[in-house]
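S.K.: Got a predicted model here, sequence first, then my questions.
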Amino acid sequence: MLARLARADWNRLAWPLVAAVVLLIPLVLGDDFYLNVLNFVALYALVAVGLCLLVGYGGQLSISHSAFFAMGAYASAILSLRWGWHPWAALAGAQLVSAVVAWGIGAVVLRLKGHYLAIATLSFTVIVGVLIKELPALTGGLQGLGSIPPLAFGGFEIDDDWRFYYVVWPLLLGLLLFALNLVDSRLGRAFRAIKEGEDVARLFAVDIKLYKIKLFVVSSVFASLSGSLFAHFVSFISPTAASVMFAIEIILMLAFGGFTMIWGAMLGVTALVYLNEYLAPFADYKRAVYGLALVTIMLFFPHGLLLGFRDLALRLWRAVSRRHIGEAG
Amino acid sequence: MLLELRDVGKTFSGLTALAEVSLELAQGTTMGIIGPNGAGKTTLFNAVTGVFPPGAGRIVFEGRDITTLAPEKRARLGISRTFQHPRLFKSLTIEENVMLGRHARGRAEFLATGLRLPWARREERELRARALEYLDLVGLADERQRLAAELPLGQQRYLEVARALASEPRLLLLDEPTAGLNESETEAFRTLALRIRDDGVTLLVIEHHMRFIMSLCDQIVVLNFGRLIAAGPPAEVQRSEAVIEAYLGRDDDDA
């Protein structure tokens, strides 16, 4: 009974509830500071949900999501700022650019597995970082790019926390539902089969090469879209967006929430963004603390902190109920 | 002919696993492969399913040369298999394993599943209903929500059969299906295999259990050191000198 409950499809049941709460928050909590933090939660969550699909379901560890975030941000900025595209058109164009690049990179690096794939994607992130710094004519170099035009509906510009909240959260909720639907389908099964055993999956007609590439593209576009939204909202973008540290931070968010749980990814993001806020005075130690946290979690809760706690609770519950039955008998 | 092997050979770093193996398998028949351990039986399966393409010779399936075709494409042509040591997707439920077996019959891709388009949902429902039929056939329908890893070995074999059948194969390869089963379980499995054959699926079976394979198959081929040393109907093969020698060794006094 309990095991069945634990495995039930809560995902789609929970979604409308979460959506309602999320969309009501600003009305209750008029505080700009919190809305601002929540906006960044949404931006990070977009990246994390994308990575969750790739790592948690497809089993392909990638350290390139900061690179695609930066690519989306810079492409959007360059298209709107330098080429004069409408911000929405720039945003769409940026996703196309990222998708094409992700396909090209994915087709090459996804032949690799495990640590080799991680290193190859990490190298890609480093290369993107270097390119951004070394092409100042296009990217503004180390100074970055400023005064990127905000997204707008006619004359209604999305330039404050309130307005941005109602753009980024509905988008995130929509894509969250997309991701939840995707993993609960023949594709989700195929991804999990690939993660568990590519050789056997192929014997059942799963085209592993193509699926891995397509999943990589979808996952990367989640990150790239987040970057584009970020660029138009903050109106400024700098090379730090493509840092390896950012890519690892996203992985840490998944480690907090559970690699194979899309909701867990959301919780992990929220936890980490708030930690970032409250631990700002200790920013110097951030890398050390995060590094330690990641190692600890991977050692003791390889499926992620949240799932680790859930399994622990389930085991405790079973132990307790078994003793109970024993006493009764 | 459904399947033809012409002079198929395979070496692994100098060791000959298969050499000049030729055989023909007609649609709707059942062929058994026997031979001592290390005779190349599983290598032959791997050559047919595409896990390791053969180093020499040709493999023809329904008139089409599939020698170098990728495993996922062979699966689409209608070749499926089970494993000597069950290789189920342990993190998937029993039902999901069978639904995955039917992957080739689905059409919904990223957009259709992500947006939950009506036709994709209908397809998923149909997939689930068909999976249930195969689970019924092997007697696992009631347990379909459990994880595959929770099943005992004997039932894992049945789940492997259901997963393979779900793809509606033309050719099904069974790799030592009765290993680890007792006599009554073996008999039950024979009944299932006969039923599958009667449904028109051509079977290629590796087996050590002689009574099982001799009573199930129309044709038996015998491999030894990667070479085909005998082929024919069960009764004929059982009398073959070469086979008796391969299994029991040569009597030195006669040499």
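M.R.: Nice, I can see it.
S.K.: chain center to the longest helix belonging to chain A: distance?
M.R.: Across chain A, the longest stretch assigned as helix under DSSP state H is helix A:208-234. Computed by CA atoms, centre = their mean, to the nearest Å, the chain-centroid distance of helix A:208-234 equals 9 Å.
S.K.: Next secondary structure after it?
M.R.: helix A:244-257 (DSSP states H and E).
S.K.: hmm, back to that, is chain B contacted by the longest helix of chain A?
M.R.: Yes. Interface with chain B: helix A:208-234 contributes A:208, A:214, A:218 (CB under 8 Å from any CB of the partner chain). C-beta here means a position set from N, CA and C on the backbone, and glycine is covered the same way.
S.K.: What separation do you get for the last one and residue A:179?
M.R.: What that stands for is residue A:218. Distance of residue A:218 to residue A:179, given as CB to CB, to the nearest Å: 9 Å.
S.K.: Pull up the overlap in contacts between the two.
M.R.: A:50, A:53 (CB atoms under 8 Å, 6 or more residues apart in numbering or on different chains).
S.K.: for the chain, which spans come out with low pLDDT?
M.R.: Picking chain A for this. Applying pLDDT under 70 to chain A flags the ranges A:1-9, A:324-329.
S.K.: Actually, chain B is the one I wanted.
M.R.: Across chain B, the ranges flagged by pLDDT under 70 are B:248, B:250-255.
S.K.: For it, list the residues in contact with chain A, please.
M.R.: Near chain A, when you scan chain B using CB under 8 Å from any CB, you find B:49-51, B:70-72, B:75-76, B:80-81, B:87, B:89-93, B:96, B:99-101, B:103-104, B:106, B:108-110, B:113-116, B:120, B:123-124, B:127, B:145, B:163, B:167.
S.K.: just checking, which of those belong to helices?
M.R.: If you go by DSSP H, the residues of chain B next to chain A have B:49, B:71-72, B:75-76, B:96, B:99-101, B:110, B:113-114, B:120, B:123-124, B:127, B:163 in helices.
S.K.: Next, the distance between the ends of stretch B:206-213.
M.R.: By CA to CA, to the nearest Å, the extent of stretch B:206-213 from end to end equals 8 Å.
S.K.: oh sorry, the question was meant for stretch A:196-207
M.R.: Terminal residues of stretch A:196-207 are spaced 15 Å apart (CA to CA).
S.K.: Get me the contact residues on the stretch 101-250 of chain A for chain B.
M.R.: So far as CB under 8 Å from any CB goes, the stretch 101-250 of chain A lies against chain B at A:178-179, A:181-182, A:185-190, A:192-193, A:195-197, A:199-208, A:214, A:218.
S.K.: If any of the residues you listed are buried, give me the PyMOL selection for them.
M.R.: To isolate in PyMOL the members of those that are buried, counting by 16 or more other CB atoms under 10 Å in any protein chain shown, one can use:
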select buried, chain A and resi 178+179+181+182+185+186+187+188+189+190+192+193+195+196+200+201+202+203+204+205+206+207+208+214+218
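S.K.: In helices, which of the residues of the stretch 101-250 of chain A next to chain B fall?
M.R.: Counting by DSSP H, those place A:178-179, A:181-182, A:186-190, A:192-193, A:195-196, A:199-203, A:208, A:214, A:218 in helices.
S.K.: quick check: angle from the longest helix of chain A to helix A:244-257?
M.R.: Inter-element angle recorded for helix A:208-234 and helix A:244-257: 110 degrees (by axes from the mean of the first three to the mean of the last three CA atoms, to 10 degrees).
S.K.: and helix A:208-234, which residues are buried?
M.R.: Neighbour-count burial for helix A:208-234 flags A:208-209, A:211-234 (criterion: 16+ other CB under 10 Å).
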